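A.B. asks: one predicted model, sequence on top.
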Amino acid sequence: MAKSKTLYKSMDEMLVETSMAGRPLLDLIQEIQTLYLEDEKPWVIGFSGGKDSTATLSLVYVAIQKLKPAERRKHIYVISSDTLVETPMVVGMIDGVVNQVNLHAKQSKLPFSAHKVTPQMDQTFWSNLLGKGYPAPTQSFRWCTERMKINPVSEFILDKVTRFGEVIVVLGARSEESASRAQVIAKHRIDGSSLSRHASLPGAFTYLPIQDWTFDDVWMYLLGAPAPWGGDHFELFDLYKDSNAGECPLVIDTNTPSCGNSRFGCWTCTVVTKDRAMEGLIESGETWLQHLKDFRNELYESTIPANKDRYRNFKRRTGKVHYANKAINDDSSTELKTIPGPYWMKTRQDWLRKLLTIEKKLRDEGRDIRLIQPEELYAIRREWMFDPNEPDWADSLPQIYREIYGVDLNWADQDAGAFTQADADLLKELGAEHGVPAELAMKLIELELSMDGLGRRVGMMSKVDSLLNQDWGSLESIKAKMEASTHKSKLKGLDVGYDDKLKELAKEYEKLTN
C-alpha cells in the first residue's frame, strides 16, 4: 500500500498558501510569536493526543521554531494526562508524540519539554473501584474526572504558578465543539487580549489559538504538511477514521466537557451506554479490544438500578445503612429501601482476577500492555485488608496475582493486616456462640492495637462509640432493629436519657485520659 502524502511538501509552503477560519495561517503564527514574546510567563500546552490538541501543539511548535534562537527565552511545557485506563492504541500514539517532541526539541535546541501526568496511586480508577469499591461512574456520580484528570493536571500547573508567578495554558478548545464550550470561552475572555482568565486556577491564563476553527480546518492543517517534530499525522487520521470518534479533551476544570458519546477516552468509561469508539476499532480489525469491551460492559451492567443489589453491599463505607425515598418512621410503605454502598468484596476480587487474566493473555500475545499498575495493586491490597465492612482477612490479592501470573510481586510484609484467616474463623465461631458480629469484634481489637503504647489515648471512647453505632449483622436484622428502635423512640424519656448519659460518660472518660 502506497504511503499517504501530505497536501504540501513542507510546512512553510502550507503556511504561505493557506488560511483557516478566514485568516491566513501566517497571521496566526505571528500572533503566537507576539504573545510568546510579550512577557516572561511560561507556557503549558495541554496535549490529549486528539486532533485539536495535536493541531494546537503543532502551531505553537512551528511559531517558536521560526523565532531567532535568542528570542526563545522562556520554556514551554507540553503536558499529557494519562488516567492509566486510556484506550491502549491512543496511549501508544501519545507516547510516540511525547518522545518525538522531546527528542527533536533537544536536537533543535527548542524550549519544549513534554511530560505525562498520572493520578496518585490511591486515586486511580482501579484503586477506587476495585480497592474502595466505588461504583462504576455514571452521569449522576462521575467521581473519576476530578480524581484522575483535573487534579493531576491542576497540580502540574499550580507547581509552575508557584515557581513563576503566572502561566499561560494553551488549549485546543474550539467554539464549534459545543454551545456550552463557546459560552465558557466567551465568559472568561479578557477584553482586547487573546487571553482568558482561567476559571479555577489562580495565576493561570488560557490561550485558545484554534477556537474559531472548524472540524475541516483542523484536518486540513494536520494532513496539509509533515509534523514539525518529524513524521506525519496519518496514523492519527486512520485511528479517527476506523473508530468514528472524537478526542477526549485535556480536562483542567469542571467547566471543560469531559468524555462522552463516541470520544476517545478511558476504555473503562461507563458514563455512556456503548463505547462506539472501541466498537469502531474492533470492526476495523482490532479484534483483541473485544476483551476490554466485554469487561467494560460488565462494569456498565453493575450501574443498572435493577442489578445494584447483586453487585453492591447494603451498607455504605461508613458502616451504616442509608435509606431512600422515605423516613424510617414513614408508615406509608412497609418496605425500607436502601441506598447501595460499595461493591461486595467478592465482586471486586472476581473483577481483579478477570482483569489480570485479560492483561496476561494480551501480553502473552506480544502486546506491551499494562491494564493495571503494580503500584495500584499495592494500594488495592491495603484497601481490602482494612475495608470498613468486609476486611480481607485472607490477604487474597497476592494469591490472586500468583494464581494468574505464577509469580509474586514485591509484597511488603509490614502491609499485612492484624488478622489471619485462622483468626477470622475463630472470631466467627465465637461471634456465633455469643451473638456478636465477628466484624465488630475485629474492628474493636484493631482499634485497641492501633492505640497500644500511646501515653494519651485521646478519642478512644468516641471511636468505640462510633463502631458500636454502625450497622452490624444481616440487612434483615438491621432493618428489624431500626424499626424496633423507631417505635421505642416514640416513648419519650427513657431512651433519650440513656443516650445523654452515655455521651456524658464518654466526655468524662476523655477528661481523665487527657
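C.D. replies: Looks like it arrived, so ask away. Residues are numbered from 1 along each chain as shown.

A.B. asks: CA atoms for contacts and neighbours, from now on please.
C.D. replies: Will do.

A.B. asks: show me where this structure has strands.
C.D. replies: 19-20, 23-24, 43-46, 76-81, 112-117, 167-170, 195-197, 204-207, 322-324, 337-339 (DSSP state E).

A.B. asks: the fifth one pairs with which strands?
C.D. replies: Sheet pairing for strand 112-117, assigned by DSSP bridges, gives strand 76-81 (parallel).

A.B. asks: average pLDDT for the strand it pairs with?
C.D. replies: The average pLDDT within strand 76-81 is 96.

A.B. asks: hang on, the earlier thing: now the strands of the chain as a markdown table including distance to T287?
C.D. replies: As requested, the strands of the chain are exported to a markdown table (distance: least, CA to CA, whole Å):
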| stretch | distance to T287 |
| --- | --- |
| strand 19-20 | 38 |
| strand 23-24 | 43 |
| strand 43-46 | 31 |
| strand 76-81 | 26 |
| strand 112-117 | 28 |
| strand 167-170 | 36 |
| strand 195-197 | 44 |
| strand 204-207 | 40 |
| strand 322-324 | 43 |
| strand 337-339 | 38 |
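
A.B. asks: quick one: which of those strands is nearest N297?
C.D. replies: strand 337-339 (22.7 Å; CA to CA).

A.B. asks: who does that closest one pair up with?
C.D. replies: Checking strand 337-339 against DSSP bridges gives partners strand 322-324 (antiparallel).

A.B. asks: pull the distance from the partner strand to the chain's centre.
C.D. replies: Remark: strand 322-324 is offset 27 Å from the chain centroid, using CA atoms, centre = their mean, to the nearest Å.

A.B. asks: cool, stretch 350-358 as well?
C.D. replies: 19 Å.

A.B. asks: name the residues of it that are buried.
C.D. replies: 351-353, 355-358 (16 or more other CA atoms under 10 Å).

A.B. asks: among these, which one sits closest to M121?
C.D. replies: L352 (16.2 Å).

A.B. asks: about what we covered before: TSV for the buried residues of stretch 350-358, including distance to K160 and pLDDT?
C.D. replies: Output for these, formatted as TSV (distance: CA to CA, whole Å; pLDDT from 0 to 100):
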residue	distance to K160	pLDDT
W351	39	98
L352	37	98
R353	40	98
L355	37	98
L356	37	98
T357	41	98
I358	39	98
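
A.B. asks: of the residues you listed, which belong to helices?
C.D. replies: 351-353, 355-358 (DSSP state H).

A.B. asks: ok, now which ones touch I157?
C.D. replies: Neighbour list for I157: 44, 167, 204 [criterion: CA atoms under 8 Å, 6 or more residues apart in numbering].

A.B. asks: hang on, the earlier thing: which one of the ones in helices among the buried residues of stretch 350-358 is nearest F237?
C.D. replies: Using CA to CA, I358 is the member of these that lies nearest F237, at 28.2 Å.

A.B. asks: do you know how far that closest one is from L352?
C.D. replies: 10 Å (CA to CA, to the nearest Å).

A.B. asks: and for K9?
C.D. replies: Taking CA to CA, one finds K9 at 50 Å from L352.

A.B. asks: give me the buried positions along stretch 209-216.
C.D. replies: Quick answer for stretch 209-216 (16+ other CA under 10 Å): 209-214.

A.B. asks: measure that stretch end to end?
C.D. replies: 16 Å.

A.B. asks: list phi and psi for D395.
C.D. replies: With angles defined as degrees, to the nearest 10, D395 sits at phi 50, psi 60.

A.B. asks: what is the burial count for the nearest residue to it once chain neighbours are set aside?
C.D. replies: Among residues not flanking D395 along the chain, M385 sits closest, at 6.3 Å (CA to CA, 6 or more residues apart in numbering). M385 has 22 neighbours, counted by other CA atoms under 10 Å.
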